[in-house]
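*Asks:* Need a 3D model of the following:
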Amino acid sequence: MEHTNWLRQGFDFLEAVQKDKPEATANGPVNSCLLNLLIYTKATQVFWLEKNTLFATSMSSHRMAVEQTLIFSPESIGALLKVQEAGKAVNSLKKILAGSMANEVQACYILPVKTTHHTACYVIAYNADYSFNSEHLEFLKFCQHAINSLHNDYHAKRKHDQLKIRFNGILKSLPHSIVFLEDHGGYCWINENAAQLLRLPPGTNDAALIHEAMSKLRSKATNQQEIEEKAIAAFADKKVQDWLWLYEEPVITAINIQFRRVKTGSMNGVLWVFEDVTQHYQYEQNLKLLNEELALKTREAEESNLRYRYVSKATFDAIWDWDLTHNSLFWGENYQSIFGYDQASNKPHIDAWQEAIHPEDASRVIKSITEAAEGLVSNWADEYRYRKADGAYAHVTDRAWIVRDVNGKATRMVGALRDVTAHKLAQIKIKESEFNLRAIFESSIESFVLLDATYHVKAFNSRAKKYLNRFLGQTLKTGDSLLCYLQPHRRETFGRYLRQVSEGEVVEYDRAFDSGDGSKYWSHLTLTPVYHESTVIGVCITERDISERQNHLNTIEKQNKAFTDISWTQSHLVRAPLTNIMSITNMLKNNPSEEDMGALLNYLEDATEKLDQVIRKITALTHLEKQG
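*Replies:* Okay, the predicted model is just below:
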């Protein structure tokens, strides 16, 4: 081989491989190194052999293109990578290569490549016997160093790009709103949640717009003083967490801010993480109010113990604490007093709670609490039946707060189990009472209408509906004003009655209707005020059928009139003929003459006929009264 300036070749090789872009090819820098090694080492063939692969990539001076040749023994490749001397490499390489390719190799040199990604080598092969002088060997070592640097840089950059892609994917998928702003208004980045929070288009990369949107968001917060105090620490290059921005409109909202300065190489900036913690904030506020109320009643030990112990005592609840990591369950002091279980003998395991749930409720409740723990929610609640120590089942409500780690995995659940059996039974009794009251209401022989304070219909029974339809031709409906059912000339009078009742009076009156069969239907109406405490809140109207009573009174009046007529007849009409008869009888006692006797008898006969007529008239009046 002619004399070669290997030092110059080394610089040319380095310049050539650095010009190529390994990230643009499928196998990175391999193709570029194969080609440039073939050119600058003046080899016949250059191979890329990678451990534990069935293929070798090669390039020859005959074919200036990358090929893949089947390799028969990966183990042999591993042995080749261990060869340190060039002279010993030929036989190992020939064992690997197939067919005529093995026969062509007369000399070779191995350039090991060791990176975090590869254990491989480049094999420089010649088809003639070749001796490597010291300059050539120095050149090859230079190439080896350059190639290893190139491979390491390539894989480092590739790993960085993959991490960057993965990091961007993670940031986009996070439920938090994330903003990065480089110092001096350079690079900036926001994820989709942040764009929505700041009311910016997705992918906005204008730092000025992002700054302006963040300023507007901050200015709308209601706790400006607290924000300014935290801001002093934040802009003093300190890491800030639990920085709350609170809002009251359009709804109460709490946003937790994490502020962190990021310094990486030449890029310095600020990472903002916005998290909606409204539910957690409201829970903490409610819990804080509860703790303050409890603190007024007692002055004991530490605040954390007070919070747990006094919540248990002040609420008639059995407080429980479930450690999901160890599946252990701890019950508060009220558990024994409410459900009868002895704390000393009760198993501190979640299985004991599950076994006490009513069989008909168990699968539903266990599924519900499992889904809550495995999901992303912060609260859980359910109702079910729970077995007490005496074997009886209590109706309970169960509510819990779920504690999660930084990865969102549930680690603890703290809850309160409340016995609501009495409430359930009270509800049942109320429903029974309502049913009974409705039954009485509907089965009553009286019509009932209940009005509110403005005289609109709140309730009525079926008899009232029939009554109104029969005599007023109207269909009674809830919510209507009762006055709209009355004829115009009746509204003023009935309205006056309603106003009297609104002032606390009770109004009663009778009213007659034409029944349609010639008889009268009489109603007795009573208007009574309805009170709440001492305030009239409505009117109760009852209507009762008094037709029978009224008709009976009318009959009595007719009979009384007949008796009066009879008495008058007796005292006036009967008295005259009776007086005449008595006078004639006295005259007959004096032995009158025959002539006088005849006249007296005629008078007696006439008086008797008149008396008979009066008696007949009285008999007729009595008969008519009986018929009436």
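*Asks:* Could you tell me which residues make contact with D129?
*Replies:* By Cβ atoms under 8 Å, 6 or more residues apart in numbering, the residues touching D129 are 106-107. For every residue, glycine as well, the C-beta is placed using N, CA and C.
*Asks:* From Q106, how far off is it?
*Replies:* Distance, D129 to Q106, using Cβ to Cβ, to the nearest Å: 5 Å.
*Asks:* Low-confidence regions, the stretch 51-200 of the chain specifically.
*Replies:* Within the stretch 51-200 of the chain, the stretches with pLDDT under 70 are 51-104, 116-118, 160, 163-164, 167-168, 170-172, 185.
*Asks:* again, only using 80
*Replies:* Scanning the stretch 51-200 of the chain for pLDDT under 80 picks out the ranges 51-108, 114-120, 127-133, 155-175, 184-187.
*Asks:* Which parts of it are helices?
*Replies:* With DSSP state H, counting those that start in this stretch, the ranges of helices along the stretch 51-200 of the chain come out as 74-81, 89-96, 99-104, 134-173, 192-197.
*Asks:* okay, and the common contacts of D129 and Q106?
*Replies:* Residues touching both D129 and Q106 by Cβ under 8 Å, 6+ apart: none at all.
*Asks:* Tell me, how many residues neighbour S519?
*Replies:* A count of nearby residues for S519, using other Cβ atoms under 10 Å, gives 10.
*Asks:* now the one 10 residues further on
*Replies:* The number of residues packed near P529 is 18, by other Cβ under 10 Å.
*Asks:* Assign it to helix, strand or coil.
*Replies:* strand (DSSP: H, G, I helix; E, B strand; the rest coil).
*Asks:* check contacts around it.
*Replies:* 501-502, 504-506, 536, 538-540.
*Asks:* From those, pick the one nearest W189.
*Replies:* Of all these, G538 has the smallest distance to W189: 65.6 Å, by Cβ to Cβ.
*Asks:* If that closest one is in a bridge, with which residues?
*Replies:* D452, V530 (DSSP bridges).
*Asks:* Let me see the contact set for it.
*Replies:* So G538 contacts 450-453, 458, 529-530 (Cβ under 8 Å, 6+ apart).
*Asks:* if I look at it, how far off is L324?
*Replies:* On the measure of Cβ to Cβ, G538 and L324 end up 55 Å apart.
*Asks:* If any of the contacts of G538 are buried, put those into a PyMOL selection.
*Replies:* Filtering the contacts of G538 down to the buried ones (16 or more other Cβ atoms under 10 Å) takes a single PyMOL command:
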select buried, resi 450+451+529+530
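*Asks:* ok, the contacts of G538 vs D612, which is closest?
*Replies:* Using Cβ to Cβ, P529 comes nearest to D612 of those, at 65.1 Å.
*Asks:* Could you check how far the closest one is from N580?
*Replies:* 69 Å.
*Asks:* got it, and S378?
*Replies:* With Cβ to Cβ as the criterion, S378 and N580 are 117 Å apart.
*Asks:* same thing with L35?
*Replies:* Distance from L35 to N580, by Cβ to Cβ: 170 Å.
*Asks:* Can I get the helix or strand containing Y509 in PDB, CA atoms only?
*Replies:* Following DSSP states H and E, one finds Y509 within strand 507-514. The C-alpha atoms that make up strand 507-514 are tabulated as PDB, following Å, rounded to 0.1, in the frame of the first residue of the first chain:
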ATOM      1  CA  VAL A 507    -116.400  32.000  60.100                       C
ATOM      2  CA  GLU A 508    -119.500  29.700  59.700                       C
ATOM      3  CA  TYR A 509    -122.500  30.000  57.500                       C
ATOM      4  CA  ASP A 510    -125.100  27.900  55.700                       C
ATOM      5  CA  ARG A 511    -125.900  27.900  52.000                       C
ATOM      6  CA  ALA A 512    -128.500  26.300  49.900                       C
ATOM      7  CA  PHE A 513    -128.200  24.900  46.300                       C
ATOM      8  CA  ASP A 514    -130.800  23.600  43.900                       C
END
